[in-house]
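1. sequence plus predicted model, see below.
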Amino acid sequence: MKKLFVWILLLAALGGGGWWAWQRWPDKIAFWRNGTVVAKKPARPTTAVVSPRNISFAVMAAGDIGPADTVSVRPEISGRIATLPVDIGDRVKKDQILFTLDDSDLQIERSTRVTEIEGAKLQVERAGRNFERSKQLFAEKLISQELYENTKTEHELAKNSLERAGKALAQVEDKLLKTKILAPFDCTILTRPVSVGQAVSGASGVNSGTEVMAIANLTDMIVNAHINQADVSRLNVGQNVDIEIEAVPGLKLTGSVDRVAPQATIRNGIKGFATRILLKNADDQVRPGMTANLTIPLISADNVLAVPLAAVFTEQGERFVYVQQGEKFARQPIQIGVADYDFAEVQKGLSGGETVSLVQPADETGVPAASAFGDSKPAKKTAGKPGSKTKPGGKTTGKPGESKPSSGKGGV
């Protein structure tokens, strides 16, 4: 019993000592957790050197590729599919037959109309003879006026019947022409949901008729994208667009902004505007439905002095950085120009080579550096929190040391 008590005390001491060591040196004994040594993460840099670099800002978006115009092919009259010589993916030339409808009933109806016309012609000839005879007899006062007018009316009715029969024949012949559907332009068959022998309804029927196939000209391709409302004001029709296709690695295309919708829509919880991009050099590998990544360059500056956006602070509309002077940092007003998501161009205030702080320094020199704009007076302290990070529009976050990425607007 005494030995058991001693072992319990020993185990308790070992456990307590291990827990104390884990709390004291967690990074040195991290391997206890999973049996492997966990490398210590490198410290995040807190300073940067002002140096020249290229800065460019572009709107990034993604969209779906599709044909500029897609046509749903539907027959104008109802009937049964007689021939269907094309299939999905086939390329068809203009005026080539897409499909035909069974015209046997229409051919019978046409024969009937032709016979009716022949009979109507005979009736017109007979009525004409009767009218000419009655006209002569009426002139000689051998028949009454009533009889004369009746023969005249019969002649007019016969001519009217001939005209109606001619129009009926024209309608049948027009329907016969509509049994043969031709390609309206050079196109590719996208879909073909019907087969030979299937009955289809005309465009005047239910649901605007049966869709026999969908065709499109794949040489004219577009990208339909959704551009964030914050960026759409900077787009212009005709602006160049760089395009990469996700499904075809390495393929780079160019395009131009063709149209921006006037009304905003919400897509995936983001309010933006539908934008149409025209592909200028569509490749045969590009097909409708593929995803395209768009880069729309807006503004750029080459080999300009730049600082990280994390080094730019704002107070009461004035932008400044903390420049290292010995062991401490001094506040230096600056004027910035073109900016992307990481760096901003320095137009005034720095000459290059300075070391700036990426966080609000704990201890300033108390002596501000020379003004960027010829004013040697130090910046006035304000009621706001000093060292607030820059936000677009000169607003401050009010949180010292917090770095928020710029919206990337050029010339902020």
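-> Good, I have the coordinates.

2. residue contacts, the closest residue to residue 185 other than its chain neighbours?
-> Setting aside the residues directly before and after it, residue 185 is nearest to residue 94 in space (C-beta to C-beta, 6 or more residues apart in numbering), at 5.2 Å. No exception for glycine: its C-beta is placed from N, CA and C like everyone else's. With contact set as C-beta atoms under 8 Å, 6 or more residues apart in numbering, residue 94 has these partners: 182-186.

3. try residue 218
-> Contacts of residue 218 were listed using C-beta under 8 Å, 6+ apart, and they are 67, 187-188, 282, 287-288.

4. ok, and the most crowded of these?
-> For the contacts of residue 218, neighbours were counted by other C-beta atoms under 10 Å; the highest total belongs to residue 187, with 27 neighbours.

5. these two touch, right, that one and residue 217?
-> Yes. Contact criterion C-beta atoms under 8 Å: residue 187 and residue 217 qualify, at 5.3 Å.

6. of the contacts of residue 218, which is the nearest to residue 326?
-> Among the contacts of residue 218, residue 282 lies closest to residue 326 (C-beta to C-beta), at 60.6 Å.

7. doesn't residue 221 make contact with that closest one?
-> Yes. In this structure residue 282 lies within contact range of residue 221 using C-beta under 8 Å: 4.5 Å.

8. okay, the contacts of residue 218 in CSV with secondary structure and distance to residue 175 next?
-> Below are the contacts of residue 218 laid out as CSV (DSSP: H, G, I helix; E, B strand; the rest coil; distance: C-beta to C-beta, whole Å):
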residue, secondary structure, distance to residue 175
67, strand, 31
187, strand, 25
188, strand, 29
282, coil, 39
287, coil, 37
288, coil, 34
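
9. looking at these, spot the one nearest residue 58.
-> The closest of these to residue 58 turns out to be residue 282 (C-beta to C-beta; 21.8 Å).

10. relative to residue 67, how far out is that closest one?
-> Note on residue 282: its distance to residue 67, by C-beta to C-beta, to the nearest Å, is 10 Å.

11. spit out the residues that contact the two alike.
-> Applying C-beta under 8 Å, 6+ apart, one finds that residue 282 and residue 67 are jointly contacted by 218, 220-221.

12. where is pLDDT lowest across the contacts of residue 218?
-> Per-residue confidence over the contacts of residue 218 reaches its minimum at residue 282, where pLDDT is 79.

13. residues contacting that residue?
-> Applying C-beta under 8 Å, 6+ apart, one finds that residue 282 lies in contact with 218-221, 253.

14. ditto for residue 199
-> In this structure, residue 199 makes contact with 78-81, judged by C-beta under 8 Å, 6+ apart.

15. element containing residue 301, please.
-> Secondary structure assigned from DSSP states H and E places residue 301 in strand 291-308.

16. show me how far the following helix or strand past that strand is from its chain's centre.
-> Using DSSP H and E, the helix or strand that follows strand 291-308 in sequence is strand 313-315. Here the centre of mass of C-alpha atoms in strand 313-315, compared against the chain's by C-alpha atoms, centre = their mean, to the nearest Å, lies 37 Å away.

17. any idea how far residue 197 is from the closest residue to residue 267 other than its chain neighbours?
-> Distance criterion C-beta to C-beta, 6+ apart; nearest residue to residue 267, sequence neighbours excluded, is residue 226 at 4.6 Å. If you measure residue 226 against residue 197 using C-beta to C-beta, the figure is 43 Å.

18. related to what we said a few turns ago, distance to residue 362 and secondary structure added to the shared contacts of residue 282 and residue 67, as TSV?
-> Compiled in TSV, these are given as follows (distance: C-beta to C-beta, whole Å; DSSP: H, G, I helix; E, B strand; the rest coil):
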residue	distance to residue 362	secondary structure
218	63	coil
220	62	coil
221	57	strand
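
19. out of the residues you listed, which is nearest to residue 47?
-> Among the shared contacts of residue 282 and residue 67, and counting by C-beta to C-beta, the member closest to residue 47 is residue 221, at 48.7 Å.

20. what about the closest one, how many neighbours?
-> Applying the criterion other C-beta under 10 Å, we find 25 residues in the vicinity of residue 221.

21. distance-wise, check it relative to residue 255.
-> Counting by C-beta to C-beta, the gap between residue 221 and residue 255 amounts to 9 Å.

22. how about residue 114?
-> Distance from residue 114 to residue 255, counting by C-beta to C-beta: 57 Å.

23. what's the answer for residue 333, then?
-> 42 Å.

24. more crowded one of these two?
-> Each of residue 333 and residue 255 had its neighbours counted (other C-beta under 10 Å), and the higher figure belongs to residue 255 (23 against 20).

25. where along the stretch 101-250 of the chain do the strands fall?
-> Secondary structure of the stretch 101-250 of the chain, counting by DSSP state E, counting those that start in this stretch: strands at 180-182, 187-191, 199-200, 213-216, 221-228, 240-245.
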